[in-house]
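Chemist: here you go, sequence then predicted model.
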Amino acid sequence: MTLTEKLLARAAGKARVEPGENVWVKADVLMTHDVCGPGTIGVFKREFGKTAKVWDRNRVVIIPDHYIFTADSKSNRNVDILREFVKEQNLPYFYDVIDDPKGAWQFDASKGMLKRQYGSQYAGVCHTALPAKGHTRPGEVLFGTDSHTCMAGAFNEFATGIGNTDAGFVLGTGKLLLKVPETMRFRLEGKLQPGVMAKDLILHCIGEIGFDGATYRAMQFDGPGVASLSMDDRMTVANMAIEAGGKNAIFPFDARTAEYVDARVRLNGTNSRYEPVEADRDQKFVCELVVNLDQLEPTVACHPDPGQRKKAKEMTEMKLDRAYVGSCTGGKTSDFVEFARVLRGRKVTIDTFGVPATPDIVHDLQSTRWGGETIWEILVGAGVQMTENAGCAACLGGPVDTFGRMNKPGLKCISATNRNFPGRMGDKESQVFLASPATVAASAITGHVTDPREYLETGLCT
Ligand code: SF4
């Protein structure tokens, strides 16, 4: 069996499963957020009763992160609905925006968008916060009411996005009926070269198969090239499986996985026991692609979908209006480090926005010094509008006052986010070009799509 089949067989209590088979799978963790949480709670109460209790209070994780830093009162209210449910159910894992459990969330627009407005429990974007807070463990099954839940496949677990109805059912029962997906194998060889990032790797893979090329399939990334990828790299790759229609992504377990997971569960006091899965020798794939990491180049997914692959160096004619670095895919500390490596000592020439995924990343960037400056200061000095209000922000548009949102038709943005269907970051007539943080930085300097290796070669980026 493949990694995904082994995981689902174990979660179903069976010795074997076959692709296409429907099995009842036990959930280890259910995650929800402010956009889908209220709907999920509504389904749960309607189907299981007003006084029903969730199946296991220690396995429900609630992370408000999407429409947070907006004066839109309905969005603010969603966070309060989550808080009321958490109190009623006595749930231990709720990463509230405010510290007062009896309070109500209200964003104060008069304070501006850049200064932090959250309390000490707030955790930022759910997919980045889940591993950081010790909720991703090898061998487990994670369901989340968000399509990029597949990001946790980086940790050798089965992680997938589900709708509110399924999530309401999981809240009540702790299980879900799933069809076992076929597995596509992406065998990684070699090592990424300077100026090329994990984002280029996944954009390359989606370009190979198209934005629906993995529909309801598992994307298994393995081979000798995996060892050179950091956990942040693996998260970036797994995150975008859904952009090819994938049911889930999965990586093998290794010492790097163990080091990351063990440190986070220890730090947060979450469950430290886990059992990784290893692939069998006789695993069968629906197809296999070999990807040589040495040969990858900075890559862009053009408007209007993530499968529209081109090399950055072939797109220099494409003029841009703005640049954006942030989201679960491109808002990690390592993403901002590569962004700053290119921007250091230079200035952006187009509107450029930086949104760290979590408050911990804000802290990393404000406390890590390069020479006499912090990374945060380097970016602000280069002209990047950096906000401390970590969250999803304009990655999915959001209310009109959302930081970085594309509010005018015709704007062209190069973005380190993960999705570029029309309207994704705001106006339906705007266009989004997906790229690595390094490519976004180089393009922000020139105002057109630019291969970041041009800047590495000058030696100024070291
Ligand atoms: S950052 Fe973007 S992709 Fe990630 S969870 Fe938020 S809206 Fe979704």
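Modeler: Thanks, I have the structure now.

Chemist: C-alpha only now, for contacts and for neighbours.
Modeler: OK.

Chemist: tell me which parts of this protein are close to the ligand?
Modeler: The interface of the chain toward the ligand, taken as Cα under 6 Å from any ligand atom, is made up of 66, 125, 148, 327, 328, 392, 395, 396.

Chemist: just confirm residue 70 contacts residue 111, I think it does.
Modeler: No - in this structure, residue 70 is not within contact of residue 111 by Cα atoms under 8 Å, at 11.6 Å.

Chemist: compare the two (neighbour count), which wins?
Modeler: residue 70 (22 against 10; other Cα atoms under 10 Å).

Chemist: assumed the more buried one was part of a helix.
Modeler: No - membership of residue 70 in a helix is not supported by DSSP: H, G, I helix; E, B strand; the rest coil, which gives coil.

Chemist: in TSV, list the residues of the chain next to the ligand along with neighbour count.
Modeler: Shown next, in TSV, are the residues of the chain next to the ligand (neighbours: other Cα atoms under 10 Å):
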residue	neighbour count
66	25
125	26
148	23
327	29
328	26
392	29
395	29
396	20
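
Chemist: out of these, list just those in helices.
Modeler: 327, 328 (DSSP state H).

Chemist: now pLDDT too, for the residues of the chain next to the ligand, in CSV please.
Modeler: Compiled in CSV, the residues of the chain next to the ligand are given as follows (pLDDT from 0 to 100):
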residue, pLDDT
66, 98
125, 98
148, 98
327, 98
328, 98
392, 98
395, 98
396, 97
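
Chemist: can you map out the helices along the stretch 1-150 of the chain?
Modeler: With helices called from DSSP state H, counting those that start in this stretch, the stretch 1-150 of the chain shows them at 3-12, 37-48, 73-89, 126-132.

Chemist: including mean pLDDT and mean neighbour count, could those go into TSV?
Modeler: Output for the helices of the stretch 1-150 of the chain, formatted as TSV (pLDDT from 0 to 100; neighbours: other Cα atoms under 10 Å):
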stretch	mean pLDDT	mean neighbour count
helix 3-12	98	24
helix 37-48	98	19
helix 73-89	98	18
helix 126-132	98	23
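
Chemist: distance to residue 247 for those helices - can I get that in a markdown table?
Modeler: Compiled in a markdown table, these are given as follows (distance: least, Cα to Cα, whole Å):
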| stretch | distance to residue 247 |
| --- | --- |
| helix 3-12 | 10 |
| helix 37-48 | 20 |
| helix 73-89 | 27 |
| helix 126-132 | 16 |
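
Chemist: would you mind giving the secondary structure of the closest residue in space to residue 329 that isn't next to it in sequence?
Modeler: Among residues not flanking residue 329 along the chain, residue 236 sits closest, at 5.1 Å (Cα to Cα, 6 or more residues apart in numbering). Classification of residue 236 by three-state DSSP places it in helix.
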